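Colleague: everything below, folded, please.
(2 chains)
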Amino acid sequence: MFDWLQHIADYIVFDAFGMNASSHLAEALNFFIYDSIKILILLFVIIFFMGIVNSYFPIDKVQNYLSRKKLYGLEYLMASLFGTVTPFCSCSSVPLFIGFVSGGIPLGVTFAFLITSPLVNEVAVGLFVGLFGVKTTVIYVVSGVLLGAISGMILQTFKLEKYLSPWVKEILANAQKEQDVFVADKQSFSNRLPVIWYEALKIIKGILPYLLIGIAVGGLMHGYVPEGFFEQYMSKDNWLAVPISTLLAVPMYSNASGILPVVQVLVAKGIPLGTAIAFMMGVVGLSLPEAMLLKKVMTWKLIAIFFGTVTVCIIISGYLFNIIF
Amino acid sequence: MEIKILGTGCPNCITLEKRVRKVVVENAIDAKITLVKDIVDIMAYKVMSTPALIVDEVVKIKGRVPRNEEILEVLKN
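Modeller: As a prediction, this is how the structure comes out:
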């Protein structure tokens, strides 16, 4: 599909710049040009399409659906699925949390949404397709959705309502039982399109510097680090690799666009995919700024239980991947 | 007219504030702009995604940063 792009990259590096095809620098530069253009194209396509889906499934509709429908246990999966199409801004997590719980949505279901939303977002999916291919992306998305749903179910069994901040408990006690019926935005598709297009461009613009730095670092490693270099430290036989990389990732708040291109090279150089995915999920899914924001609605104890449960689930899925692949 | 911008202080909220101020000044709109940063006050408007633009206590836009033209349109109506 991207052969033409490889030709362009080859032409720029070997013909236009006249670089020697066997030099490390030429290889790194070729990789950089090819990868950045390919990833940008795929990112834009995916952000754009997820923008269309989101335009028809805004957060209010999701909240309304989850609080009204009786789903007999499937609500965790549904919340997690909705999380994938809702763009996540960590600063929205608090209003979203309050909106959900005050609408009568159980805490566990709300958590399922909160876990999947940053984990499987349009940027992460776009980067995954560009860097690892469709198959790995599908595996990542499916496991992200299941991870959210299962973590939500586990958290629900802990009966955590008592650890919410007092003012949230007050809101819950006073929450009206009757719901505002969601009024759909009756905009035509052609009216929505420019907004979605513009949003997609804005997201790309925002992550572009990180992405290019990530690909550049990846490109250098690609050219200079020998194959199998990391295998000795992070092989499948090393059972500590998954928990260590997950724990390293949690406090690391980086945007996925900078980290993913580097992870891709690490995988190419011999780090098992499960270990890499566990690391990725830790970076994208759990962040300190989010914890600081959630502090407004939760006690530290609840945040610790929330992060702890998700971390354990990420570690388990990392092991599962390494066993399967 | 009373304009309120709801947001906990994230980059998107700051962008929205800048744009609204720009549109108001450029079009000489008589408006009082207030920032609502406190989460309890934000929740009073029942918005689940920030930033949000409130004009005369009505939620006009939420969860995204509109373009200048769209802001002008909202303020004119």
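Colleague: how is residue B:5 assigned, secondary-structure-wise?
Modeller: Classification of residue B:5 by DSSP: H, G, I helix; E, B strand; the rest coil places it in strand.
Colleague: partner residues bridging it?
Modeller: With DSSP bridges as the criterion, residue B:5 is bridged to residue B:35, residue B:53.
Colleague: what's around it, how many residues?
Modeller: As a burial measure, residue B:5 scores 22 neighbours (other CB atoms under 10 Å in any protein chain shown). Where you see a C-beta, it was placed from the backbone N, CA and C, and this is true even at glycine.
Colleague: residues contacting it?
Modeller: Neighbour list for residue B:5: B:13, B:16-17, B:20, B:33-36, B:51-54 [criterion: CB atoms under 8 Å, 6 or more residues apart in numbering or on different chains].
Colleague: now do 10 Å
Modeller: Residue B:5 makes contact with B:13-14, B:16-21, B:33-37, B:50-54 under the criterion CB atoms under 10 Å, 6 or more residues apart in numbering or on different chains.
Colleague: which strands and helices sit next to the helix or strand encompassing residue A:201?
Modeller: Assessed by DSSP states H and E, residue A:201 sits inside helix A:189-224. The contact analysis (3 or more CB pairs under 10 Å, 6 or more residues apart in numbering or on different chains; DSSP states H and E) places helix A:189-224 against helix A:24-56, helix A:122-132, helix A:256-268, helix B:11-26, helix B:68-76.
Colleague: closest one to residue A:218 among those helices?
Modeller: helix A:256-268 (4.0 Å; CB to CB).
Colleague: so in the chain, where's the weakest helix or strand by average pLDDT?
Modeller: Since you didn't name a chain, this refers to chain A. helix A:231-234 (a mean of 66; mean pLDDT, DSSP states H and E).
Colleague: you looked at the wrong chain, it should be chain B
Modeller: Between all helices and strands in chain B, the lowest mean by mean pLDDT, DSSP H and E belongs to helix B:39-43, at a mean of 84.
Colleague: what's in contact with the helix or strand harbouring residue A:7?
Modeller: Residue A:7 is located in helix A:3-10, with elements delineated by DSSP H and E. Contacts to helix A:3-10, defined as CB under 10 Å, 6+ apart, come from residues A:2, A:16, A:21, A:26, A:29-38, A:41.
Colleague: and the least confident of those residues?
Modeller: Among those, residue A:21 carries the lowest pLDDT, at 75.
Colleague: ok, the nearest residue to that one once chain neighbours are set aside - contacts?
Modeller: Nearest residue to residue A:21, sequence neighbours excluded (CB to CB, 6 or more residues apart in numbering or on different chains): residue A:14, at 5.6 Å. Residue A:14 makes contact with A:20-21, A:26, A:29-30 under the criterion CB under 10 Å, 6+ apart.
Colleague: so residue A:142 sits in a helix?
Modeller: Yes: counting by three-state DSSP, residue A:142 falls inside a helix.
Colleague: now for the contacts of helix A:3-10: which two are most distant?
Modeller: The span of the contacts of helix A:3-10, defined through CB to CB, is set by A:21 and A:41 at 24.7 Å.
Colleague: what about those two, which has more around it?
Modeller: Between residue A:21 and residue A:41, residue A:41 has the larger neighbour count (other CB under 10 Å), namely 14 against 10.
Colleague: that one reaches residue A:35, doesn't it?
Modeller: No: using CB atoms under 10 Å, residue A:41 is not in contact with residue A:35, being 11.0 Å away.
Colleague: run a quick neighbour tally on residue A:52.
Modeller: Around residue A:52 there are 16 residues (other CB under 10 Å).
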